[in-house]
Structures are given as structure tokens and as C-alpha cells.
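> based on what follows, work out the 3D shape:
(2 chains)
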Amino acid sequence: MKKETIAAISTGMTNSGIGIVRVSGEEAFQIADRVYRGKTKLCDADSHTIHYGHIVDGDETIDEVLVMLMRAPRTFTGEDTVEINCHGGTYVVRRVLETVLKNGADAAQPGEFSKRAFLNGKMDLSQAESVIDLIHSENEYALQSSISQLKGSIKNEINDLRNKIIYHTAFIESALDDPEHISVDGYGSTLKAEAQGIIKRLKDLIDSADDGRVIKEGINTVILGRPNAGKSSLLNVLSGHERAIVTDIAGTTRDILEEQIRLGDLGLNVIDTAGIRQTEDVIEKIGVERAKEYAGKADLIIYVADASRELDEDDCSIIRMTRGKRAIILLNKSDLHTVVTVENMRETVNNIYGYEMNEEDLHIISVSAKEEYGIRELEDTVKSMFLKADLSFNNQIYITNARQKSALIDAERSMEKVIQSIEAGMPEDFYSIDLMDAYEALGNITGESVGEDLINEIFSKFCMGK
Amino acid sequence: MKYSANSVWENKDGYDIAVVGAGHAGCEAALAAARMGFSTVVFTVSVDSIALMPCNPNIGGSSKGHLVREVDALGGEMGKVIDRTFIQSKMLNKSKGPAVHSLRAQADKADYSRAMRQVLEAQENLDIRQMEVTEILAEGGRVTGVKTYSGAVYPCKAVILCTGTYLKARCIYGDVATYTGPNGLQSANYLTDSLKSLGVKMYRFKTGTPARIDKNSIDFSKMEEQRGDERVVPFSFTTDPESVQIDQVSCWLTYTNEKTHEIIRNNLDRSPLFSGAIEGTGPRYCPSIEDKVVKFPDKNRHQVFIEPEGIHTSEMYVGGMSSSLPEDVQYAMYRSVPGLEHAKIVRNAYAIEYDCIDARQLKSTLEFKEIEGLFSGGQFNGSSGYEEAAAQGLIAGINAARKLQGKEGIVIDRSQGYIGVLIDDLVTKESHEPYRMMTSRAEYRLLLRQDNADIRLTKIGYEVGLINEERYQRLLQKEEMIREEIKRVQHTNIGTSDKVREILVSLGSTPLSSGTTLAELIRRPELSYEKLADIDVKRPDLPYDVIEQVDINIKYEGYIRRQQRQVDQFKKLEYKKIPDDIDYDEVQSLRIEARQKLKAIKPASIGQASRISGVSPADISVLLVYLDARGKRS
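As a prediction, this is how the structure comes out:
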């Protein structure tokens, strides 16, 4: 079902450290209140005020935010608008958007904020053409990225689910259209089992959405290490041949990821912090506290140790940052005379952690950035850490786009409603309503509209009478 | 076979509106036009074929029953006539939700035809004329009259084309083809060319019908009897329910078998469908038996319904076995079915091909976009079915009359009725086969029930002048009673007394642990308004149609509200009209496919534009901004 209130990330995803999620429409305040915890209820707040608080998804606190509240008509779109200022970088901004979508907003269509602004008389007539151009270009962009994104298994999986859903709907509908030829009596129990299976697969898809982010956007990685441990040479080796500017999808969010380092099939996304473009000198420049903060948010910490020198206090504080995180320890300069062995390092780490790590969970690799050795092992290690073991990388099912994730959630909810209708003893014709909603939601992901699909399915699968 | 009348003369009877064809569309169109005060003439190739039912002997069925109810609610005739001439009636899908309950009645075909003819004959302002219309006369993009085979010119201000399956019709079975309309009636062979010369784009469609078999040759003991409902519900909101409680006749059910299928498979090469002798596109929803056997090879039997064609005839319709196989194969095939071993065929099964239009040339009012004053309805528009035809005929008739009144045409939208879904689909979507109404085509079907057609549409019928004051006042009273009773039910509290407990338990429902409202109880699947009468001590005495509405509206309130919200969204785009003079070439950034489709179809509203395949949401956004800017500039 189409929702009236829209949301999108309105800042470019440039890792500026601050991102804004904008929500616009009749229900903007109600939706914001569902996800915002602070002193004031936003619905009751005055226009053009700023509120401090947190964005929560259920029990989980996602970010500390400032929320700007603006009542219609004095807003960009001319509608009630909420702007959520987040701090946590791209990942957190996305999580905030997803939470807002989950709570009743619809992902904005290409150029939709500008379109609404124009239609609500907030823009000059002379801007009509530029608004049209914006809609056009954003749409082209969204189309290209969504097509390239949906290759292989994810598309197959979604199509398979859609095929199942339309089949069951067509069966019900053909029986309603031709009750004397086809009987749907007692179909509820069959459909319930099917619906449960579909829900399970939808849940898997939703769960994989976060993995999808990791693969598609790159793994948010912090490389830590003492000066001269060899971080720069490592970066050079890693980025050497395939340094590329990769722009990431998102019809709604216009995410732009800056530099991505390819590691085989994976993207490593070295976290740039506001004002600090080089991670090499994290320790010196921003100090241990800031480094901790970024390390805390990273998907992966690569700690480069100099194996030709004894470990010192800086090494220890870095090791402390890796506790409870996905981390890889590289013993660099292993082409030289090595002072620190894998065994030494393991012992040190276990001492600092204060508990014994399983060997397979503590990734320590001897490398030589200079001789380019151990790099393949690093790549394999990252893969094994971030990809589910039972799926090969290329078949990994991923969804990266927030809109797609919210469409998956919509589809799942519709399927839950089907089960509720069955359990409540509703007649079969009611199932179709939610089945088709789920079908439509999944179609939004693959870019297919409903059209005559149901009618075609009825005729191709079921023998109608007369 | 070239035609030319040697002398041309002008008819001076001064008709306002000419209706071409007197089938189910033509009858409704002609009656509506005449009743709205316009002098109307209806042409037919044979007066004996007025309101003919050349195929199945029934009216209604799933979603088609809805159409009949809606036609009736608007002031049409079909429902009233079938209520007088049915011989069996059933409410289909009774165990399902109220949205898909649908009436279907077996008609006495001859009685139906005769009864409708009498209504036409008795109608003031309406003349019947047996004559083939051969030309549509138009000047400057505006219709001026029609010309007949005899050379007579009938000047008029509006023409409604309801030619059914008669245009260049050809009936085929095996290698036998006759150039006739259904039942051997004369086809209309000239009108197509006249229309083409006016720039109308034509399609060629195909449909078919099964054989009719002599009842005396059928062994019914080998079949299952199919009876009508104990209590018959009438189609028309004006029919006294007591008047339709008649003695009904039965239909009979039997099945094809592997032997039947083998006969068919062995003779497929002799079928004109598979040999390519038939070029028209056939409908998927009523496939011929040979289609079914080919398409569904795993099914080892298909149902066959033996239905009476009327009380005064022994002809029986063989539902489920339409065919265009050769005569000898038909005999073998029908006689392989249990009960039909000695079947005597009265009329062969046949396929029929005919010319019709691409209905995307029409506005939602059913007027041609390029020819003012020319309207059309029924199978000519690429639909199929008596009910679909009647619905379009009625709307075309109303709108031709409105045109002459200088008023805006009536458009029933998709949220108001199946009629709206039907017409919108026809004029918006590309169709490659005769269009049949289906309940799954109606996206808001929970609101478009057969039980509330009067509430949805009778007000419109009243406004156009087809519903009289008395009927309209009755509707307003009914609505008031429904409103009041819903309010009362929502505010009636039910406590946890022993009596309540006892009643609930006796109804198989869980006793209450705390007080609730009567409305909440009605929502329980096992309960209903009627079942809770004993608990509801202050219940007023209300007519059944009011009780039914209260029950449905309370019981399905959540779903109904949800659909209502969707309708609100839908209406927003539907009310955004696109001006006729829009130049799509001027709208930048429309994708090429969208631009071409929009130029071809010329949608009346943003809503209609959004339903055209090939027009994306981004194109709609672009259009919205363009139209808004255009509006502000002017």
C-alpha cells in the first residue's frame, strides 16, 4: 500500500560524519515520535525547533541525534518535515533511515522532495524544468544501479517467491471466478504452511541485508598501527591496481562512497573521518580516544604490527581496541628478521583480552607489504569473516538498498497478515488482498509492476470453464 | 459482394440518436437514450434477434452478476428482465466473503428475448428498425448520421455502435465456413470499411459456442443434478423478492474422459484453430474443449454442464465443450461423454470470427476520441459476455444523451463499480482477446460488492434521470437506517451475564471475560448480526437489506477501511485531469516509450496515465510537475 509520508537521506554519503534523514508528509511527526526518544513529544513541539535525543529501533539505540522539526507550510516541501541529524557516519545514517521506513514512511521516489516542493508552490515556476531534469536523472541513476545490483541469486530468490505468491493467489482467484470448476475449500491450511515458508525466506533475505551492505558498499575498515609499521605500503599494495571511485546505488539516498579498495571480490572501505583523510596516522592525530570511537564503529579492524620490532604500549592500546571486534592482525615485515611471531602475538592478545581466544577466531597473518606476500591469505581471511560459509561469494544474497529492505519488510508483514486472516477464519478471498500486496512489494525490488500478471497466471495455470 | 443502393433518400423522422444493433448493449443504450428524452432509433438486422442470447443460457456469474446489479442500480433493464424470465438461480461463492458473492441465473432464452423486446416496443421515444447500417456519416470530425443498406440516410446527432459479433462475421467448424453472424443470422459486411475510412483501427477477434443437444436423447441418470438455490435472490433492487420464488429447473453435470480427449487429439489437424484457418484471437477464459485438452494435458477429465435453453424447448446447451472441430468429430466427441452416448445434435458447435475495435480509441465516456458524437459499447469494443455488453451499452447510451444535453459525460471510476473497472481496462490497456470481467480485476472489490451496488450507483442513476424520485428516496431511507443501526450496534454494550454466556456458548463462541460492544461480537468469525439477536434486546425491526449492510460493514470494518484509504489515494490521481490539448512532445524528460503511449492513448487523468503499461512512476512525476507549471503559467 502506498504511503503518504516519504523519507530519504538528504546529505550525500560522503563520510562527513554527519548525515541527515529527512521525513516529509502528513505523518512525519507521528513517525518520528515512533523512533525518537527525548524529552519532548515531537507531535506537540513548536515549529522550527531542535530537539536532542536518540533514535531507537525497538530496544536498540541507534544514534544520538538532533531532530529539527518544521511544520507546514514553512518547509522545503511545504509539508510537515522532520530532519534527523545523525553523527554516526554512513552506516548509522542508513540504519536511521531504515528504522524510519520500518515505522511507516515510504522511501522517496526519484526527485520526490523537489517534486512535492514544486507542487506545493514552494518553488519558482522557472525551476520546473530543473525539477523535471532532477526526477529524470535520479530515476535513470536508480534504474541503472538497481539493475546492476540485482544480479543472479537475489533476483532469482525474489522471483521465485513472487512466483509462489502469484500461483497461490491465482488458484484462489480462479476458484472465485469459476467456483463450479475449481474448489478452494480448505485451502487455508495449505496456504498457511506455504506462507510460513515464504516468511522464513523473506526473513533470511532481510537478515542478509546487512551482509549485503558490507559487500556492496565495502567493509568499513579501520587500519591501525604504530607509525612505520607499514600501513602505507600495505595500503599501496592493496589499492595498487584497482583503485576506483565507486558510486553506490540508492535511488533514495544518493550514497556516494569515496575511495574503495578492492580486495579480490570484496571492497574494503577505509573509514575516513571528518577532516582526517589518512588513516595511517590515526593514533597520532586524533588520539587514542578518537581512534577508539572509530574502531568501535568499524566492521573490521586491520591492525598492522611491525614484526621486526618488539611490541610497545601503543601496540597494547591498539590490541585493546580490537577486543570484541572483527579484527585481523598483520605481522608485517615478515620478510625481515622477525622478533614477533604468530605465537608471541597470540599470547600477548590473550593476555590483554584477559581470556583465551579460539585459534580460528583470532586471525593473525604474517605478511610482507614489500614482497607482497600474505596478501592472498588476508583476502581469504576477510572473506571467511564476512561471508556466510554456506554460500559462495558470488551467490551471496544481498540487498543493499534501504528501499529494498523496507520492501522486504512490507512483503513479510503482508504475508503475516495472510496467516492472521487464515487463523481468524476469514474467507479465502481475503487472503488475496495481502498476497497481492506482498507480490507488489517484492516487485518494487525487481522493478516489475503487477500489470496483468494475476490474470495471466490464472489462465496459464488453471483450466477455466465454459 | 459489392453493395450500392441506386437511390439515396433522407429519413425525416428526426431522430436524435441512432443505435446500431439491438443485442444486450444496444438495448440498454437505446432505452437509456430514449428514457433521457431523446428521440431514438435502434437498428437491427433482425427484429426477431433483439436481446438474443446466442451462446450460454445464463445471466450473471462471478463478477458478471455484479455488473448486472450495477446496471440495475443505474436504471438499466437487464436485471429486471432476467428476474422475470429466469428458470434457475444461484448465489455463487456463498461460503466466501461478501465481495465475491455473485448471482447467476439460467434464462429462458426465448422468454428473455421476448420480454426485452416488449420493453423496447413499449418505450416512448424509441423506434425499432430492421435494417443493416452500412455507413457512419461524419463531417469535420463530428458524426452526422447513418446510412442503411437500402440507401436511406438517417441524420442524427449521436450514433452508438453496438454491433456485437456481426461485423464481417464468419462461423466455422472443420472446413465448413459460413459468412453469417451467430445462429445463421445475416452478418454486417460494410460497416467495417466505413469505419476504417473514418480512421478507426479494427481488430479481429474470435469466440465460440458448444453444440445444442436434444434433451430427449440424453440419459440424465448418468449425470449429477444441479439444483438452484432454495431461496432465490433477485437481480434487480426493484424486484419483490417474493416474486422470484418459483419452481426451478435443474442443470446437469457430467465429465469428459480419456476417450473424449483421444478423439480430440486424433483430429486436431482438422481443427481450423490449429490449422490456421481461424485468424482471430480467441479468449483464454472460455477455451474450446480442444484448447483445454492441448493446454492441460494432465487433466484426465473436464466438467460438462448440461443446461436447458428454456422451458419451451428441448434444446440443451453443453457447457464446457465449445468447439470448432468438424461435424463428424463433434458427434464422436459428445457421444463419448457419459449420458450423451446417444446424443442428437440440434445445432453444431462453431467458432465465430468478427471485427471489433481497439477500444483505446475511446474516451472513458465511450465516445470516440477523434469522432465527436460517435459512441460504442459491447463486443464491438473488444469485450465478451452479455453483462459486459449491457454495462457498456448503458453508459454509452447515457453519455450520448448527456452529450446532446450539453452535459459532461458520466464516468464510473474503478473505485465506484465493476463497470468502471471494465471500461477503464478497455480504454486503457492493450487487449489481445475478448475481455471478460473477473473479480480479480477489481482492486477495490471489498467495496464493490453486489449487495451495495445501489448505495454505490443509484445516486448517479437518479442524477442522469434514469432512477425515479420514489426509488431514490427509498435509497436515502435505507442509507439512513444503515447509518443509525451501525451507530447503535457500535454503542451497544454487552455485559458478562449468565444469559450472555449461555447464548455465546450455544453459538460455539468463547464466553466474555469482560464487557464488550455488540460490534466486537459481530466481528467474531463464528458470529453475525443475525445470530446475536437474542443478546441484542433492543434491536429494532429492520428490512433484510439493511441488516445485511450492517453486518458486512461491522464485520469487515478493518478491511473496508483499509481499502477506503487506498481509494482515497487513487482518487487523488484520478481527479488530476490532463487537458486535451497537451503536447507530449513539449514535456521534456519523458521516456520515449511513455511519450508514444501517452500520445496514442491520450489519458484523461494522471490516474489513467499511470495505468498505461510503459508509463513509469518517474514519467508520472514529470507529468505532474509539467502540468502544474503549465497551470500556473496560464
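> residue boundaries of the strands in the stretch 101-250 of chain A?
A:106-107, A:219-225, A:243-247 (DSSP state E, counting those that start in this stretch).
> buried set for stretch A:358-378?
Buried residues in stretch A:358-378, defined by neighbour count with 16 or more other CB atoms under 10 Å in any protein chain shown: A:L362, A:H363, A:I364, A:I365, A:S366, A:V367, A:S368, A:A369, A:E372, A:G374, A:I375, A:L378. Bear in mind the C-beta positions are built from the backbone N, C-alpha and C, glycine included.
> contacts for that stretch?
The contact list for stretch A:358-378 (CB atoms under 8 Å, 6 or more residues apart in numbering or on different chains) reads A:230, A:233-234, A:236-238, A:263, A:307, A:327-335, A:338, A:342, A:345-346, A:349, A:381, A:385.
> and with 7 Å instead?
A:230, A:233-234, A:237, A:307, A:328-335, A:342, A:345-346, A:349, A:381 (CB atoms under 7 Å, 6 or more residues apart in numbering or on different chains).
> domain assignment for chain A?
The record's domain parsing of chain A by automatic domain parsing lists A:6-115, A:130-213+A:401-460, A:218-386.
> and the longest strand seen in chain B, anywhere near chain A?
As assigned by DSSP state E, the longest strand anywhere in chain B is strand B:202-214. No - Strand B:202-214 is not in contact with chain A by CB under 7 Å from any CB of the partner chain; minimum separation 8.6 Å.
> buried residues, that strand. List them.
B:M202, B:Y203, B:R204, B:F205, B:K206, B:T207, B:G208, B:T209, B:P210, B:A211, B:R212, B:I213.
> what's the answer for stretch A:309-317, then?
In stretch A:309-317, counting by 16+ other CB under 10 Å, buried: A:R309, A:L311, A:D314, A:D315.
> equivalent analysis for stretch A:32-52, please.
A:A32, A:D33, A:R34, A:V35, A:Y36, A:G38, A:T40, A:L42, A:A45, A:H51.
> and if you look at stretch B:299-313?
Those would be B:H302, B:Q303, B:V304, B:F305, B:I306, B:E307, B:P308, B:E309, B:G310, B:T313, for stretch B:299-313 by 16+ other CB under 10 Å.
> any chance of the domains of chain A in TSV, plus distance to B:A25 and mean pLDDT?
Formatted as TSV, the domains of chain A follow (distance: least, CB to CB, whole Å; pLDDT from 0 to 100):
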stretch	distance to B:A25	mean pLDDT
domain A:6-115	41	87
domain A:130-213+A:401-460	22	84
domain A:218-386	46	70
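> for B:L475, find the nearest of the ones you listed.
domain A:130-213+A:401-460 (26.6 Å; CB to CB).
> next, see if that closest one gets close to chain B.
Yes - using CB under 7 Å from any CB, domain A:130-213+A:401-460 comes into contact with chain B via A:131-133, A:135-136, A:139, A:173, A:176-179, A:181, A:424-430, A:451, A:454-455, A:458-459.
> does the most centrally placed residue in chain B count as helix, strand or coil?
Nearest to the mean C-alpha position of chain B, counting by CA atoms, centre = their mean, stands B:E388 at 2.0 Å. Three-state call for B:E388 (DSSP: H, G, I helix; E, B strand; the rest coil): helix.
> ok, it - contacts?
Contacts of B:E388 by CB under 7 Å, 6+ apart are B:L67, B:L422, B:R436, B:M437.
> and if you look at B:F220?
Here B:F220 is in contact with B:W252, B:G339 (criterion: CB under 7 Å, 6+ apart).
> residue contacts, A:K203?
A:K203 neighbours (CB under 7 Å, 6+ apart): A:E412.
> same check on B:R633?
B:R633 neighbours (CB under 7 Å, 6+ apart): A:L125.
> quick one: residues contacting residue 440.
In the absence of a named chain, this looks at chain A. With CB under 7 Å, 6+ apart, A:E440 has these contacts: A:V450.
> actually chain B
A:E173, A:D177, A:L454, A:I455, A:I458.
> of those residues, which pair is most distant in space?
Longest span within the contacts of B:S440, CB to CB: A:D177 and A:L454, 10.9 Å.
> specify which residue of those two has the higher count of neighbours.
A:D177 (29 against 21; other CB atoms under 10 Å in any protein chain shown).
> right, and the more buried one touches B:K64 too?
No - applying CB atoms under 7 Å as the test, A:D177 and B:K64 come out as separate, 9.8 Å apart.
> so B:Y354, which state does it fall into?
Under three-state DSSP, B:Y354 comes out as strand.
> still on that earlier bit, so which of the residues of domain A:130-213+A:401-460 next to chain B belong to helices?
Judged by DSSP state H, the residues of domain A:130-213+A:401-460 next to chain B include A:131-133, A:135-136, A:139, A:173, A:176-177, A:429-430, A:454-455, A:458-459 as members of helices.
> contact partners for A:V237?
A:A369, A:E372, A:I375 are the contacts of A:V237 under CB under 7 Å, 6+ apart.
> between these, which is nearest B:K599?
Nearest member of the contacts of A:V237 to B:K599, counting by CB to CB, is A:I375, at 58.3 Å.
> quick check: that closest one vs chain B, distance?
A:I375 is 44 Å from chain B, where distance means CB to the nearest CB, to the nearest Å.
> secondary structure class for the closest residue to chain A within the stretch 251-400 of chain B?
Proximity of the stretch 251-400 of chain B to chain A (CB to the nearest CB) peaks at B:C286, 3.6 Å away. Here B:C286 is coil, with the state taken from three-state DSSP.
> what about it, neighbour count?
23.
> go on, A:L205?
25.
> can you check B:Q118 too?
B:Q118, neighbours per other CB under 10 Å, totals 12.
> now for the helix or strand where it lies, which elements pack on it?
Assigned by DSSP states H and E, B:Q118 belongs to helix B:109-122. When contacts are defined as 3 or more CB pairs under 7 Å, 6 or more residues apart in numbering or on different chains; DSSP states H and E, helix B:109-122 packs onto helix B:24-35, helix B:78-85, strand B:126-130.
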